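Engineer: Here you go, sequence then predicted model.
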Amino acid sequence: MADKFTNSENDYSIIFNAVSTIIVVHDPQTGQILDVNEKACGEFGYNQEEFKKLTVEDISTGVPPYTLREAVERVKKAAQGVPQTFDWRCKDKSGRQFWAEVNLKQVNIGGQDKILAVVSNIDERKKIEALSKLKEDLLEKAPLGQKLKSVTGAIVDIFGADFARIWAIKKGDLCDNGCFHAREGKEQHACRDRGMCLHLLASSGRYTHTDGAVHKRVPFGAYKIGQVASGELESFVTNDVAHDARVHNNAWAKELGLVSFCGFRLLSAQGEPIGVLALFSKYEITQEITILLEDLAVVTSSLIQNAEIERARLEEKFFSESAMNSLPGIFYIFDETGRFIRWNENFERISEYTREEIVHMRPADFFKEDAAIIARAVQEIFIKGEARAEAAFKSKSGKSGVYFFTGKKIEIFGKNYIVGTGADITERKDMEQKLRESEFRYRNIVDNVADAMCSYDFNGQIVDTNSNACKMLGYSKEELIGAPLAKIEPRESAAQIQGRIAQLRDKGHRIFENTLRSKTGQMIAVNISARVVSEEGAGKIQSFMRDVTEQQVVQDELRRKIKDLELFYRVAVGREMKMVEMKKEIFRLQERLAEFMTKQKK
């Protein structure tokens, strides 16, 4: 009987230590740790003898609700026959914290009731969940500095970093105003290019300030972060900062108990460096963590780029409003219901209505005797695309002036609008004069544009694509899959395909500009981000392509036309150009606007 019991105990011990899950045995009344398996020892860093002397508090963070008291309460509930499953914040021997899922159940071992805790490390899952939540939060409207602070704070909270920082590349602004690195006689880490400087934008953890003398500005190419920014180092990761000769100050790192450092270059969509994300930690940075941090670096790059796009959008809005408000007459845009969308300051001044009043008014509200004329003109615009009319425009106080109105239909995102101007011809009705119609492009910059995707093997054969790529190139998915990349590239660049694939296989990831050829032969300028996703078999490269063909062309064309029209108007007024000549020019420009908007729609 004793042999049978011994064998049973041996079998239990073998199974207990053979499983790949952490198992901890507790006393059902006190919660005392009675036994642990080898997996638990490996995960927490204690041997079995050390473990049995610990309490749950010793292997928990101790931050409510992850306390000894809470743990004992859960053990007692399990002892009453109520199984317990919950997430718990654990702490190993080194102080590293991690998430675990704990399942408590009462069992009988050797004739005695005990509580069996089956523990699963879910730290990576929690990190991914926290990062997903962070990405969702970053979609909310907020200043760039606040968003970057959320990123560095998340790095400290999620990955246990001692401190984390983000720098952006800008022109030097303190070079002649006390910058530490611009001092005369300073050789190591000295500033050599005032046009490229790392500005500290966010810092969390041990250091939360961004105005420290040494690191608020860092020269391009200096220290590890400067070398990462300049491209001397693609990225930098070390788990031995106290001894790694490449680290600037080993003694400082050793004094603070730091173990690891990593820095990641932040890149624009065109592959240009725009900043650096870096952190120091007291714990080892694993490959899994590195991958998650690389993803967070991409997110950070997008934040900085989107902020720059928003700044450019606001500048463009200011420019368009300035141009619109510089027009000598009134300017307006309204939709099919007659609701005013945009107008200039002259519209408010001449009509004597406030902005709040205008948004509730319709075109006919500004005309009394001539309301029918305006109604016919609006109807003609929606049918024929354009119209013009002379009518008496009445203000809020009853003042009336004869205006020459022009209107044209434009389509933006599937909706029809009328854009037009009105010139006061009350005093010069018998005189033909030049009339300028400003072209206005109602543009909305979208922060998150869905890119075209194309995957191909190392032989340059397309293996997968998405609907956006099909739409961009004019091919069906069936026509693209199985076809060579040369099918969608100009002949001159098709010869470089294998060279690009070789570079990708060597580096793993590239961001570059290229030109694609659509089914109709149209050349499309794109920004491409390509990455090797598989080395197996024929290999696989996944690329995301963004069409940038019209972006610059439209902006330059609109600016040029507005400038030409302003010059045209000034010359016309000075020379008293005949009305018929002005109308011809106006009609020509309106036709070009219609043609542009039609192409924009497509």
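Structural biologist: Alright, I've got the coordinates.

Engineer: Okay, buried residues for stretch 296-312 please.
Structural biologist: Within stretch 296-312, the residues that count as buried by 16 or more other CB atoms under 10 Å are Leu296, Ala297, Val299, Thr300, Ser301, Ser302, Leu303, Ile304, Gln305, Asn306, Ala307. For every residue, glycine as well, the C-beta is placed using N, CA and C.

Engineer: quick one, phi psi at the fifth one?
Structural biologist: When quoted as degrees, to the nearest 10, the phi and psi of Ser301 stand at phi -60, psi -40.

Engineer: those strands in the stretch 301-450 of the chain, which residues are they?
Structural biologist: 330-335, 340-343, 386-394, 400-412, 415-424 (DSSP state E, counting those that start in this stretch).

Engineer: Now find how far off-centre the second one is within its chain.
Structural biologist: Chain-centre distance of strand 340-343: 31 Å, with CA atoms, centre = their mean, to the nearest Å.

Engineer: then the helix or strand where Trp88 lies to CSV, C-alphas only?
Structural biologist: Assessed by DSSP states H and E, Trp88 sits inside strand 84-91. Extracted C-alpha coordinates of strand 84-91, given in CSV (Å, rounded to 0.1, in the frame of the first residue of the first chain):
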residue,chain,number,x,y,z
GLN,A,84,-12.3,31.9,-9.4
THR,A,85,-10.9,33.2,-12.8
PHE,A,86,-9.4,36.6,-12.9
ASP,A,87,-6.5,38.7,-14.2
TRP,A,88,-3.7,39.5,-11.8
ARG,A,89,-0.7,41.8,-11.8
CYS,A,90,2.4,39.7,-10.9
LYS,A,91,6.0,40.6,-9.9
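
Engineer: Of all the residues in it, which ones are buried?
Structural biologist: Gln84, Trp88, Arg89, Cys90, Lys91.

Engineer: Also stretch 117-132?
Structural biologist: Ala117, Val119, Asn121, Ile122, Asp123, Lys126, Lys127, Ala130, Leu131.

Engineer: and the residue lying closest to Glu390 once chain neighbours are set aside, how many residues sit next to it?
Structural biologist: When the adjacent residues along the chain are set aside, Glu390 lies closest to Phe404, with 5.3 Å between them (CB to CB, 6 or more residues apart in numbering). Phe404 has 19 neighbouring residues, counting by other CB atoms under 10 Å.

Engineer: What's opposite Phe404 in the beta bridge?
Structural biologist: Glu390, Ala423 (DSSP bridges).

Engineer: Tell me how far it lies from Glu369.
Structural biologist: 16 Å (CB to CB, to the nearest Å).

Engineer: before we move on, what about Ile541?
Structural biologist: Taking CB to CB, one finds Ile541 at 69 Å from Glu369.

Engineer: Between those two, tell me which one has more neighbours.
Structural biologist: Ile541 (24 against 10).

Engineer: Check which helices and strands the helix or strand containing that one sits against.
Structural biologist: Ile541 is part of strand 540-547 when elements are defined by DSSP H and E. Packing contacts for strand 540-547, counted by 3 or more CB pairs under 8 Å, 6 or more residues apart in numbering; DSSP states H and E, involve strand 452-456, helix 467-473, strand 523-534.

Engineer: Mean neighbour count and mean pLDDT added to the ones you listed, as TSV?
Structural biologist: What follows is the helices and strands packed on strand 540-547, written out as TSV (neighbours: other CB atoms under 10 Å; pLDDT from 0 to 100):
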stretch	mean neighbour count	mean pLDDT
strand 452-456	21	87
helix 467-473	18	86
strand 523-534	17	87
